[in-house]
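>>> Here you go, sequence then predicted model.
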Amino acid sequence: MRWVFALVLAFAAGLGALYGLTGGFTVLTAEEARRQDVARAPRAIPAAEVLAKDGRILDLGQDLRRDGRVAIVNFFYTRCLSLCLAQGSVTERLQQAIEARGLQDRIRLVSISFDVRDRAADLDRYAVRMGADPGIWQFMTFVQPAQRDAALALFGITVVPAPLGEFEHNAAFHIVTPDGRLARIVDLDEPGLALTAAEALGGAGRGAAPAGREMSGS
Amino acid sequence: MSTSERKPAGSMAWGIAALACLGVAVGLHARLTALMSLHMLVQIPLLVLAGLCAEQAWHARRLAAGSARPSAAWSYNEYGIPGLLLVSLVGAGWMIPKALDDALTDWRVAAFKYLGLPFCGWLLRASLRRSNVVIKLFFLGNFCWMSAIVGMIYLDQPIRLCNAYLQDDQDWSGRGLIALAIVLPSCWLLVELKPIWRFLNR
């Protein structure tokens, strides 16, 4: 009968391993796991130097905190011919929705390039192509590779070099609250949900944020 | 006399095979984990094979030493059923895309891959030795339909399942898994033709 004991043990060990791997039988992919982890435990954005399209150098974490608005962040590179184009046009529609609903004081869009070749001029050209309103939609690119890798790791973005100098990367809307925390990740197919989530998350932190904004202005 | 002289040589050959599998899987890990298909269908099977060959070498050595009687520990593994169940569940786990991604980023999953998979190979060989044709057929059949279905799902997905791998590569992994579901039982049939024939003519 010892083998029955062994059988139960083997079953428990196997199922236990599967339970651990799939986050309690809820996720099958690393992308799902990342979204679930972030929703459960928001992550503070680390310090990382970024170049804005007007040539200024900002600190990403500081900029996200200082602005006082909820940021819907996504990652791209300007030479992209596939996913980022789709992402760009969805973001453009999101910009229109923000304008139409008068949410520009509470929500903004931030697109960050992970490509070291992208400089301020590239961002500027891209912004013009996308019809970006500078008050709503900002563009940035990382300055230092080590900081970029740390920031991408925190966001859970994996960039894989693909043929023809392209990159393949996981794309989504990353909602960062005014206290500089990544709080939710929403699928690219659901810009409406991203906007609703951003509104809800902004509403929660609105009490403290505008005060900070006034202080930095005075 | 001649057989007892041949056995240690067999043991040596299996030992070398085990080391070769492990050497390739670990030594070329950067190359083998660069593509999803190589990671899933070459590196992981090599790690299992390393354990499998090591058990074979150990067994051959024991045979040569004359202690053919299974040790007491294996009475826990009656007919190899507990062992085969564990190996099946581990096999299922490595078909989950998250496992492949995590093996690159999470040291615990990586440790399980490099230590746990050779152990599973060892357990697989030891369990197969104690099981009979019906039990083997059950577990092999289970593994193969699972592999084929997962392969078809991989081929069918319009989106990437692994953040670290390209879509093309995912399709190749899918095709590979379907091929595995055909090749594995074919090999088994070739190896076990005689026992199967005997079983059918009982």
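Thanks, I have the structure now.
>>> Now stretch B:110-118: average pLDDT?
Across stretch B:110-118, pLDDT averages out at 96.
>>> so which strand or helix has the residue of chain B found nearest chain A?
Closest to chain A within chain B is B:Leu89: 2.7 Å, counting by C-beta to the nearest C-beta. C-beta here means a position set from N, CA and C on the backbone, and glycine is covered the same way. Secondary structure from DSSP states H and E places B:Leu89 in helix B:81-93.
>>> Just list what that helix packs against, helices and strands only.
If you count contacts as 3 or more C-beta pairs under 8 Å, 6 or more residues apart in numbering or on different chains; DSSP states H and E, helix B:81-93 packs onto helix A:2-21, helix B:117-130, helix B:133-156.
>>> And the spatially most central residue of chain A, how far from A:Asn74?
Nearest to the mean C-alpha position of chain A, by C-alpha atoms, centre = their mean, lies A:His174 at 3.1 Å. For A:His174, the distance to A:Asn74 equals 7 Å [C-beta to C-beta, to the nearest Å].
>>> burial count for A:Ala150?
Neighbour count of A:Ala150, defined by other C-beta atoms under 10 Å in any protein chain shown: 15.
>>> residues contacting it?
A:46, A:48 (C-beta atoms under 8 Å, 6 or more residues apart in numbering or on different chains).
>>> try 6 Å this time
A:Ala150 makes contacts with A:Pro46, as judged by C-beta atoms under 6 Å, 6 or more residues apart in numbering or on different chains.
>>> how about it, secondary structure?
Secondary structure state of A:Ala150, per DSSP: H, G, I helix; E, B strand; the rest coil, is helix.
>>> Pretty sure B:Leu38 sits against B:Ala30.
No: with contact defined as C-beta atoms under 6 Å, B:Leu38 does not reach B:Ala30; the gap is 10.8 Å.
>>> which residue sits closest to whichever residue of chain A sits closest to chain B, ignoring its sequence neighbours?
Per C-beta to the nearest C-beta, A:Gly14 is where chain A lies closest to chain B, at 2.7 Å. Spatial nearest neighbour of A:Gly14, excluding adjacent residues (C-beta to C-beta, 6 or more residues apart in numbering or on different chains): B:Leu89 at 2.7 Å.
>>> Tell me where the chain has helices.
Assuming you mean chain A. For chain A, helices defined by DSSP state H occupy the ranges A:2-21, A:30-40, A:60-66, A:83-100, A:120-130, A:145-155, A:191-205, A:209-217.
>>> switch to chain B, that's the one I care about
Under DSSP H, chain B gives helices at B:2-27, B:29-32, B:36-38, B:44-65, B:81-93, B:97-105, B:107-111, B:117-130, B:133-156, B:167-191, B:193-200.
>>> Run through who's touching the last one.
With contacts defined as C-beta under 6 Å, 6+ apart, helix B:193-200 is touched by B:Val133.
>>> if we can go back for a sec, how deep is the residue of chain B closest to chain A tucked in, by neighbour count?
18.
>>> just checking, it touches A:Ala13?
No: the criterion here is C-beta under 6 Å, and B:Leu89 misses it with A:Ala13 at 7.9 Å.
>>> Tell me the residues on chain B that lie near chain A, please.
B:75-76, B:78, B:82, B:85-86, B:89, B:93, B:96-99, B:101, B:161, B:163-164, B:166 (C-beta under 6 Å from any C-beta of the partner chain).
>>> Can you tell me the centre-most residue of chain B?
B:Val48 (4.3 Å).
>>> How about the contacts made by the spatially closest residue to that one that is not a sequence neighbour?
By the measure of C-beta to C-beta, 6+ apart, the closest residue to B:Val48 outside its immediate chain neighbours is B:Gly121, 4.0 Å from it. Neighbour list for B:Gly121: B:48, B:51-52 [criterion: C-beta under 6 Å, 6+ apart].
>>> hmm, 7 Å instead?
B:47-52 (C-beta atoms under 7 Å, 6 or more residues apart in numbering or on different chains).
>>> for A:Leu83, same thing?
A:Ala171.
>>> redo that, cut-off 8 Å
Neighbours of A:Leu83 in contact, by C-beta under 8 Å, 6+ apart: A:168-169, A:171.
>>> Could you report the neighbour count for the closest residue to A:Arg34 other than its chain neighbours?
Sequence neighbours aside, A:Gly156 is the residue nearest to A:Arg34 in space, at 3.8 Å (criterion: C-beta to C-beta, 6+ apart). Residues within reach of A:Gly156, counting by other C-beta under 10 Å, total 21.
>>> pLDDT score for residue 192?
Picked chain A for this. For A:Gly192, the model assigns a pLDDT of 90.
>>> um, chain B though
The predicted local confidence for B:Glu192 is 82.
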